[in-house]
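# Model the following, please.
(one chain, ligands or ions: 1)
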Amino acid sequence: MAASPPTPDRSHTPLADELRAAGCVFAEEEAALLADAARSPEELSELVRRRVDGVPLEHVLGWAEFCGRRIVVEPGVFVPRRRTEFLARCAAERLRPGNVVVDMCCGSGAVGAVLGHEVAGIDLYAVDVDPVAVGCARRNIERFGGRVFTGDLCAALPTSIAGRVDVLVANAPYVPSRAVAFMPPEARLHEPRVALDGGGDGLDVHRRLADAAPGWLAPGGRLLMEAGVSQADTAALILAAAGLDAMVRTSEELDATVVVGTCPS
Ligand SMILES: C[S@@+](CC[C@H](N)C(=O)[O-])C[C@H]1O[C@@H](n2cnc3c(N)ncnc32)[C@H](O)[C@@H]1O
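Predicted structure coming up:
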């Protein structure tokens, strides 16, 4: 029997070597993605130059993979993290057509876009304080009939949905202020501080959202927020203090923690 041809070794192409030398851990994969994205050798050189300069891969490509979908991510917008797929999965549970859903602190709108894709016919809203994020979220969410608002938390929502929200989902900033300086440069230098800094203990926005949530949730509606594992107990207490039935959920696979507060029926 004829031997099958050897698999080409792509791990030491000049492109992968250049990316590896610049500190890219997944150099081969990145090399393949950049090569696919470029329409000419000149464009490839430009993409590689930006990546080697430390621009996040997702900003160079213009998209991030999230829950198996391509989400548009524009420069200056928070790159959706793999762990946040757990938040999206928890929010999708028991979601039905006609439910009112808010993707709060939406950034690129990754979570809302996944929910809009998973369950056709939800009534989808999204909010971010950063107009750059809002522009990006519109590209990801409007195709599912979602509406995206600029502003500060629930103050940006139409009052017509007060008391009717079935799912209020938020990946709000939760890095303690003093820890922002120690984040990797890709985050510190290329993502806005408002997307990262959650105040003294990282839970300032969580407190404000928990306080506001009972006025927006329908009976039985849920507030779901991502948090760090060390913040989970405090976050659950914050939800309970707001009158919600609090619960902590974790995913070992994704190293993710979500606190859920359910509005009493
Ligand atoms: C950690 S990022 C998450 C973005 C997106 N949900 C995701 O998971 O990719 C937090 C987002 O919250 C937004 N944000 C921060 N403070 C806010 C506020 N007071 N009102 C609305 N959005 C806010 C930031 O602009 C940023 O886009």
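# When you work out contacts or count neighbours from here on, use the C-alpha atoms and nothing else.
OK.
# List the contacts of the helix-or-strand element of the chain with minimal mean pLDDT.
Taking all helices and strands of the chain together, the one with the lowest average confidence (mean pLDDT, DSSP states H and E) is helix 14-21, at a mean of 92. Contacts of helix 14-21 from elsewhere in the structure, counted by Cα atoms under 8 Å, 6 or more residues apart in numbering, are 10-11, 26-28, 30-31, 48, 51-52.
# out of those, which are inside strands?
Judged by DSSP state E, these include no members of strands.
# For those, give me CSV that also has neighbour count.
Supplementary listing: these in CSV, determined by neighbours: other Cα atoms under 10 Å:
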residue, neighbour count
10, 14
11, 15
26, 12
27, 22
28, 20
30, 20
31, 24
48, 23
51, 21
52, 18
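# quick check, nearest of these to residue 124?
When these are compared for distance to residue 124, the smallest value, 33.5 Å, is given by residue 30; criterion: Cα to Cα.
# Now stretch 107-123: buried residues?
Neighbour-count burial for stretch 107-123, with 16 or more other Cα atoms under 10 Å as criterion, is recorded at 107-116, 119, 121-123.
# my read: residue 190 touches residue 76, true?
Yes: Residue 190 lies in contact with residue 76 (Cα atoms under 8 Å); the separation is 6.0 Å.
# just the buried residues of stretch 107-123 that are near the ligand?
Among the buried residues of stretch 107-123, the residues that sit close to the ligand (Cα under 6 Å from any ligand atom) are 107-108, 110.
# you'd agree residue 96 is in a helix?
No: with the criterion set as DSSP: H, G, I helix; E, B strand; the rest coil, the secondary structure at residue 96 is coil rather than a helix.
# For it, grab the count of nearby residues.
Look at residue 96: counted by other Cα atoms under 10 Å, it has 15 neighbours.
# Need phi/psi at the closest residue to residue 254 other than its chain neighbours.
Leaving aside its chain neighbours, residue 254 sits nearest to residue 83 (4.9 Å; criterion: Cα to Cα, 6 or more residues apart in numbering). Per-residue torsions, residue 83: phi -60, psi -30 (degrees, to the nearest 10).
# try the one 4 residues further on
According to degrees, to the nearest 10, the main-chain angles of residue 87 amount to phi -60, psi -50.
# And it, what's its pLDDT?
Residue-level confidence at residue 87 comes out at 98, pLDDT.
# so it touches residue 224, yeah?
Yes: applying Cα under 8 Å as the test, residue 87 and residue 224 come out as touching, 7.3 Å apart.
# Just the helices from the stretch 151-265 of the chain, written as ranges.
Listed from the start of the chain, the stretch 151-265 of the chain has helices (DSSP state H, counting those that start in this stretch) covering 185-190, 204-212, 232-241.
# Ok, which of these comes nearest the ligand?
Evaluated with Cα to the nearest ligand atom, the helices of the stretch 151-265 of the chain place helix 204-212 nearest to the ligand, the distance being 6.6 Å.
# Now do that closest one: everything it contacts.
Here helix 204-212 makes contact (Cα under 8 Å, 6+ apart) with 153-154, 172-174, 198, 223, 225, 235, 238-239, 242.
# try 7 Å this time
Judged by Cα atoms under 7 Å, 6 or more residues apart in numbering, the contacts made with helix 204-212 from elsewhere in the structure are 172, 198, 238-239, 242.
# Could you tell me the per-residue confidence at the spatially most central residue of the chain?
In the chain, the centroid-proximal residue (Cα atoms, centre = their mean) is residue 80; its distance is 3.5 Å. Reported pLDDT at residue 80 in the predicted model: 98.
# How about the contacts made by it?
Neighbouring residues of residue 80 by Cα under 7 Å, 6+ apart: 64, 66, 110.
# on that earlier part again, of the contacts of helix 204-212, list those near the ligand.
When contact is defined as Cα under 6 Å from any ligand atom, the contacts of helix 204-212 meet the ligand at residue 172.
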